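# build me a structure from this.
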Amino acid sequence: MKKSLYKRDRFIEKHNKGASLFKDFILGGQDGLVNVLGIILGLAIGTGDIKVVIIGGLAATFAESVSMGAVAYTSTKAEEDFYYKQEETEENEINTIPKQEIKEIYDIYYNKGFRGKLLNDIVKKITSNKQMWKDVMMKDELGLSNELTHPIKSAIIVFLAALIGSFIPLTAFFFLPMNLAITASLILSAIALFLTGAVEAKLTVGNYIYKGIQLMLIGMIAALVGFAVGKLTRYS
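Model (predicted):
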């Protein structure tokens with residue numbers, strides 16, 4: 001029975017971490033695509049020079065990808081550090097003021113609706129194992145999850161996603177003349193954003209069609225901003 005529960009918990013942990021990394025991939029790809037789309041459209045309209053578009057797009061692609069990877073690393077590392085600091089604090093309190101910590105476990109499960117002997121048995125069971133005790137305090141008292149993503153892994157996922165997402169609107173400019181490249185870039189970006197929004201809705205909540213259209217519109221607004229800046233700064 002214990003082995004079965006252990007396998008189940010490990011499966012849930014891996015599933016949650018996998019979902020978290022996939023969300024990182026979607027976030028990185030989405031941001032990379034939208035930002036580069038706005039930039040290259042502005043350059044295309046503003047300069048009319050496909051070489052400038054490609055150079056500017058590549059610069060934006062790599063700068064954006066590295067920046068997002070770095071942000072993913074620092075934010076995930078900060079989250080990890082905060083979790084372990086709070087865990088250390090809880091462990092110290094369990095060792096130094098156990099009666100107060102037992103009362104907190106009692107209050108947690110009392111507020112969940114448990115009473116009488118069942119409540120006392122739960123408290124006794126949890127406080128008989130320091131690891132279990134600490135985990136309950138972390139989750140139910142502080143609202144912190146131990147499903148942490150490794151900072152380096154998160155950074156790599158976001159970097160690669162931003163890189164892939166950024167190349168979606170840029171690729172057409174390598175193979176097509178300017179006007180066709182702009183049209184193809186917009187179409188490919190719209191499709192990619194719709195699919196990204198749909199997948200994101202499946203991972204979280206919401207209607208996948210609505211979410212797909214919503215994200216697609218955000219991308220098109222970015223493109224419109226790029227178009228407007230390009231028009232305003234256009235030179236012959």
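
# please enumerate the helices of this structure.
For the chain, helices defined by DSSP state H occupy the ranges 2-47, 50-96, 98-111, 116-127, 130-136, 151-170, 172-175, 178-203, 208-232.

# and the longest one, how far from the chain's centre?
Shown here is helix 50-96, whose average C-alpha point lies 10 Å from the average C-alpha point of the whole chain (Cα atoms, centre = their mean, to the nearest Å).

# what mean pLDDT does that helix have?
In this model, helix 50-96 has a mean pLDDT of 86.

# other SSEs contacting it?
helix 2-47, helix 98-111, helix 130-136, helix 151-170, helix 172-175, helix 178-203 (3 or more Cβ pairs under 8 Å, 6 or more residues apart in numbering; DSSP states H and E). For glycine as for every other residue, the C-beta is placed from the backbone atoms N, C-alpha and C.

# other SSEs contacting the fifth one?
Right, helix 172-175. helix 50-96, helix 178-203.

# in TSV, list those helices along with mean neighbour count.
As requested, the helices and strands packed on helix 172-175 are exported to TSV (neighbours: other Cβ atoms under 10 Å):
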stretch	mean neighbour count
helix 50-96	16
helix 178-203	18
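
# that older thread, closest one to Thr74 among the helices and strands packed on helix 50-96?
Of all the helices and strands packed on helix 50-96, helix 151-170 sits nearest to Thr74, with 7.8 Å by Cβ to Cβ.

# what about Ala70, distance to Gln214?
28 Å (Cβ to Cβ, to the nearest Å).

# over to Ala222?
13 Å.

# and those two? Which one has more around it.
Neighbour count, other Cβ atoms under 10 Å: between Ala222 and Gln214, Ala222 has more, with 22 against 16.

# let me see the contact set for the more buried one.
If a contact means Cβ atoms under 8 Å, 6 or more residues apart in numbering, then Ala222 has Val34, Asn35, Leu37, Gly38 as its contacts.

# also Ile45?
Contacts of Ile45 by Cβ under 8 Å, 6+ apart are Gly226, Phe227, Gly230, Lys231, Arg234.

# just confirm Gln214 contacts Ala198, I think it does.
No: using Cβ atoms under 8 Å, Gln214 makes no contact with Ala198, being 10.3 Å away.

# how about low-confidence regions in this protein?
The chain contains residues with pLDDT under 70 at 1-21, 144, 146, 148, 203-206, 234-236.

# highest neighbour count among the contacts of Ile45?
In the contacts of Ile45, the most neighbours by other Cβ under 10 Å go to Gly226, 23 neighbours.

# got the contact list for that one?
Leu37, Gly38, Ile39, Ile40, Leu41, Gly42, Ile45.
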